[in-house]
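> sequence below, structure please.
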Amino acid sequence: MNLPATFREPEVTVKAQKYGSLLRRYMLPQLPWVITLGILLFTSLGLQLVLPQIIRYFIDEAQKGSPLEQLTAAAVLFIVVTMIQQIVQIFATYFSERVGWTATNNIREDLAEHALSLDMAYHNEHTPGEMIERVDGDPNELGTFFSLFIFEMLGSLILLIGILVLLLREDWRAGLTLGIFVGGGMFILISIRTIAVPYWKANREASADTFGFLEERLSGTEDIRSNDAKPYVMLRFHELMRNWYQKALKAGLMSSVMFSTTMFMFGVGSAISLSLGAYLYFGDWITIGTVYLIFHYTQMLVMPINRFTQQLDNFQRATAAIARIVELDNVRKTILDPPAHDSVALRDSAPLSVDFDNVTFAYNDEPVLHNVSLDLKPGRVLGLLGRTGSGKTTMTRLLFRLYDPTTGVVRVGGEDIRRMPIDHLRQHISMVTQDVRLFHGTVR
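Prediction:
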């Protein structure tokens, strides 16, 4: 079945405003936890900058032959600061998980509510398995985006600036050289930051197609066996898995470009720091402890750059997921409530009549009902008999207003159901479907 134009999912380019809108919508309610998380992360960053200074002090004092008590105090201080930093990091991890899961669960709730409000035409086009992937799988990709993205990006920037400032304080040549190195590396990483976005979006779509196929086939196991269709089902399953594998492989390869670039920068940075440290040390401009400090800070420079690339990778995945979430959120139903000034209401607890007046209906130009009329008086019972596809289920769907007739009018209690608010109509009528349902508990 082809969807009406209203249900077409347009290609969505995620704009910066959408990121801000999502963050405001799902992070502001957690503002106290977010602030706590930010304080913990930035405290951890500050302690990371302090630790190399303690080691530098220990090395220089040991070279000078300082008293053992002084060296012991430095070692104890290093251990204490390290333990504090690890404890802070543990709490930061807890709060980041809390914030991320709360935000993504709220997204799942909103998407599920939106999906349930969509018309039957949309759900006929999309399998339950695909909808599960859209409602649950896509929000999974946003967990890190909500909990760590901003803090990691901002924290990495602050850590980079802090390291460069400390290097400039030690020796302007070291700070300037490594500053140029960091600037060039960041320019390269920013230039390739969106290279994997379309590939991750295609990967998410392939995943949704595969789970949708599995859900349909698993629910129809008896029909598949009775028609000896197992070979065909397995063939289609292998085709979908092959497609998903190819999409996932391409997405992973494109994401690895950033990781490989980071590793290359790590090697170049280490070579620069060791060469520069040796040059300054043999020129009697710095001590051996400062050589270690320069090398250690260079290793630390790679850490925020690596975090930066990891978050860009997560950002690419999140962008693909956000694009699909926006696509689903942009779908609007066509069966709407009437304007308030033109709506009517049914009498409570009174038997209702049902009237089909020359009703015609077609599924995408395929006629199902043609000029059907009936008048069912209040309190009467009517049974519909007919072959499969004759329109029995369609009539109940029209009565429940899952669809609107192409022509004609359906009335309940003498009123056109299109003039009733949908929730009001469904409070007065009920549908028992022909599908099997499983209930948790006992039906008495």
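> need the helices for the stretch 201-350 of the chain, in chain order.
221-226, 230-282, 288-330 (DSSP state H, counting those that start in this stretch).
> quick one: mean pLDDT for the first one?
This means helix 221-226. Averaged over helix 221-226, pLDDT sits at 78.
> what about the strands in this protein?
354-363, 366-376, 407-412, 415-416 (DSSP state E).
> right, and the ones you listed - which one's nearest Tyr297?
Nearest to Tyr297, of all those, is strand 354-363, at 67.7 Å by C-beta to C-beta. Quick note: C-beta positions are derived from backbone N, CA and C, even for glycine.
> mind giving me JSON lines with the strands of the chain and columns for mean neighbour count and mean pLDDT?
Compiled in JSON lines, those are given as follows (neighbours: other C-beta atoms under 10 Å; pLDDT from 0 to 100):
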{"stretch": "strand 354-363", "mean neighbour count": "17", "mean pLDDT": "88"}
{"stretch": "strand 366-376", "mean neighbour count": "14", "mean pLDDT": "86"}
{"stretch": "strand 407-412", "mean neighbour count": "18", "mean pLDDT": "89"}
{"stretch": "strand 415-416", "mean neighbour count": "16", "mean pLDDT": "86"}
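> returning to that earlier point: check the helices of the stretch 201-350 of the chain for me and report the most buried one.
Sort the helices of the stretch 201-350 of the chain by mean neighbour count, taking mean count of other C-beta atoms under 10 Å, and helix 288-330 sits at the top with a mean of 21.
> where does the stretch 251-400 of the chain dip in pLDDT?
313, 348-349 (pLDDT under 70).
> what residues does stretch 36-48 touch?
81, 84-85, 88-89, 91-92, 95-96, 99, 147, 151-152, 155, 158-159, 162, 300 (C-beta atoms under 8 Å, 6 or more residues apart in numbering).
> and the strands of the chain as JSON lines, adding distance to Gly212?
Converted to JSON lines, the strands of the chain look like this (distance: least, C-beta to C-beta, whole Å):
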{"stretch": "strand 354-363", "distance to Gly212": "20"}
{"stretch": "strand 366-376", "distance to Gly212": "23"}
{"stretch": "strand 407-412", "distance to Gly212": "32"}
{"stretch": "strand 415-416", "distance to Gly212": "37"}
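> distance check, Val354 against Gly408.
13 Å (C-beta to C-beta, to the nearest Å).
> what of Gly379?
Taking C-beta to C-beta, one finds Gly379 at 24 Å from Gly408.
> and Pro67, by the same measure?
For Pro67 relative to Gly408 (C-beta to C-beta), the value is 100 Å.
> tell me which of the contacts of stretch 36-48 fall in helices.
81, 84-85, 88-89, 91-92, 95-96, 99, 151-152, 155, 158-159, 162, 300 (DSSP state H).
> which of those residues count as buried?
81, 85, 88-89, 91-92, 95-96, 99, 151-152, 155, 158-159, 162, 300 (16 or more other C-beta atoms under 10 Å).
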